[in-house]
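In: quick one: sequence plus predicted model below, questions after.
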There are 2 protein chains.
Amino acid sequence: MAETGGGEGLLFLTDEQLRKGIEAMFFAYRGFTADPDRILEGMDYGRAHHRAIHFVHRSPGTTVSNLLMILSVTKQSLNRVLRTLIDDGLVRSEKGRVDARERHLFLTEKGLILERELSDAQRARMRAAYRAAGPAAVQGFRQVLEAMMDPDMRRQFNRLKEGG
Amino acid sequence: MAETGGGEGLLFLTDEQLRKGIEAMFFAYRGFTADPDRILEGMDYGRAHHRAIHFVHRSPGTTVSNLLMILSVTKQSLNRVLRTLIDDGLVRSEKGRVDARERHLFLTEKGLILERELSDAQRARMRAAYRAAGPAAVQGFRQVLEAMMDPDMRRQFNRLKEGG
DNA sequence: CTTGGAAAGTCAACAAGGCTGACGTAAATT
DNA sequence: AATTTACGTCAGCCTTGTTGACTTTCCAAG
C-alpha cells in the first residue's frame, strides 16, 4: 500500500517481471476479443464494427468526429464501417439540430440486439475473470491499465467513465 | 481478501464495472503497443514482426511449429514475417540436429539490437505503469489477466513463465 | 452577404497482416 | 515402401488500416 522505500519492495519492477506482464497482456487480449470475434465471424462484420457498435451504444447520439477521436482511426476507415452498419439498419444517423453538419449516431432495435449479444459474451468472460481474481485484484487491474494508457486516451477513458 | 460472502462485496461485478474494465482493456492495449509501433513504422516491419522477434528472443532455438502455437496464426502468415526477418539478417534458422525437419530459430546480433530497442520501450511504459500503481495492484493486474486467457493460452503462458 | 473553415461523406489506391487451398520436399516413422 | 510430419511456397482473398483529393453542407466572422 505505502510507497515501498526499501530495495526488496521493487522486485516487481525487474525486467523479468515486466516481461511477464507484457506477455500476460498479449495472451489476455486475445481472450478478451475471442468471444466477440467468434460471434462476428460468419456475419459480414469484424472487430472494427464491434468497436463502433460498442461506443455508439455507450454514448448514444455521439457524433462522428467524437467517435473518430475515441477510436483513433481515419474518417475513411470509420466511414466504411459505419456505412455498412447504417445500410444494414443497425445504426441510425441523425442530422444535428443545433449544428446540422454533425451526425448523431444511435443504435436501432436491431443494433441493440447485436450489441447485447456481443457485450454479453465479452462481459461473461470479464465477469468470470473478475470473480476468479477477487475485488482487490480487480482494483489493481484497473489501476495498472489506466496507468498504461497514453494521457489522451486516459482523458477519453475518464470522460466516458463520468459523462453519459 | 477472503471470499466476499455478502451482497456489497459483489459490487465489482456489476455490468457497469465490467464495461469499465472492457474499455480499460481497449485503451490500455493501445498504449501497450504504441511505442513499439512507433519504432517499427518507417522500417519495413510491423506488429507481427515484433511478436515474432519477441518470442524468438524469449525462447531461443524454438521451432517454427512452436511459434505457430504461441502466436496462433497460420504458417503462411508466420512464414511471410519470418522470411523477411531471415533475409534481413535479424533471425537465423538452423536445421535441427536431432530432427532435421525442424528449424530452430535464433536472433542474430542485429536481431538482438532491434529486440532490445523494442522491449526497452515497451518495458519502460510497463515499468512506469507498475510503479504508479504499486506492487499490490500489479499482483491483481496479473491475476485478472491470467484469468481472462483461454485455457490453452494460459498453459502456453505458464509454460513460458517456468521453462527457458 | 460573402467568405473561410469545420464536419461529414465519398472515390481511388495502397499496404499490412490475417485467411484458405494446393502443392512440393525432406526427413522421420510405421 | 508407404505414410506422416515439419516446413516452405505460390496464388488469391478479406478486413481494416492508411493517403490524397474532392464535394457538400453549414456555421460563423468579417
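Out: That came through fine.
In: quick one: stretch A:118-134 near chain B?
Out: Yes - under the criterion of Cβ under 8 Å from any Cβ of the partner chain, chain B is reached by stretch A:118-134 at A:119, A:122-123, A:125-134. Heads up, the C-betas are built off the backbone N, CA and C, glycines and all.
In: so which helix or strand takes in the closest residue to DNA strand C within chain A?
Out: In chain A, the residue that lies nearest DNA strand C is residue A:65 (2.7 Å; Cβ to the nearest atom of the strand). Element membership for residue A:65 (DSSP states H and E) is helix A:64-71.
In: so where do the helices sit in chain A?
Out: Counting by DSSP state H, one finds helices in chain A at the ranges A:15-40, A:47-58, A:64-71, A:75-87, A:109-133, A:135-148, A:151-162.
In: turn the ones you listed into JSON lines, columns for distance to residue B:94 and mean pLDDT.
Out: Listed next are the helices of chain A as JSON lines, based on distance: least, Cβ to Cβ, whole Å; pLDDT from 0 to 100:
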{"stretch": "helix A:15-40", "distance to residue B:94": "24", "mean pLDDT": "97"}
{"stretch": "helix A:47-58", "distance to residue B:94": "37", "mean pLDDT": "97"}
{"stretch": "helix A:64-71", "distance to residue B:94": "43", "mean pLDDT": "96"}
{"stretch": "helix A:75-87", "distance to residue B:94": "41", "mean pLDDT": "97"}
{"stretch": "helix A:109-133", "distance to residue B:94": "39", "mean pLDDT": "97"}
{"stretch": "helix A:135-148", "distance to residue B:94": "36", "mean pLDDT": "98"}
{"stretch": "helix A:151-162", "distance to residue B:94": "42", "mean pLDDT": "88"}
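In: rebuild those helices as JSON lines, extending it with distance to DNA strand D.
Out: Shown next, in JSON lines, are the helices of chain A (distance: least, Cβ to the nearest atom of the strand, whole Å):
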{"stretch": "helix A:15-40", "distance to DNA strand D": "7"}
{"stretch": "helix A:47-58", "distance to DNA strand D": "3"}
{"stretch": "helix A:64-71", "distance to DNA strand D": "7"}
{"stretch": "helix A:75-87", "distance to DNA strand D": "3"}
{"stretch": "helix A:109-133", "distance to DNA strand D": "12"}
{"stretch": "helix A:135-148", "distance to DNA strand D": "19"}
{"stretch": "helix A:151-162", "distance to DNA strand D": "14"}
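In: tell me which of those sits nearest to residue A:103.
Out: Among these, the nearest to residue A:103 by Cβ to Cβ is helix A:64-71 (5.3 Å).
In: got the CA coordinates for that closest one in PDB?
Out: These are the backbone C-alpha positions of helix A:64-71, laid out as PDB (Å, rounded to 0.1, in the frame of the first residue of the first chain):
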ATOM      1  CA  VAL A  64     -18.800  11.100 -36.000                       C
ATOM      2  CA  SER A  65     -15.800  13.300 -35.000                       C
ATOM      3  CA  ASN A  66     -16.300  12.200 -31.400                       C
ATOM      4  CA  LEU A  67     -16.100   8.600 -32.500                       C
ATOM      5  CA  LEU A  68     -13.000   9.400 -34.600                       C
ATOM      6  CA  MET A  69     -11.200  10.600 -31.500                       C
ATOM      7  CA  ILE A  70     -12.100   7.700 -29.400                       C
ATOM      8  CA  LEU A  71     -11.300   5.100 -32.000                       C
END
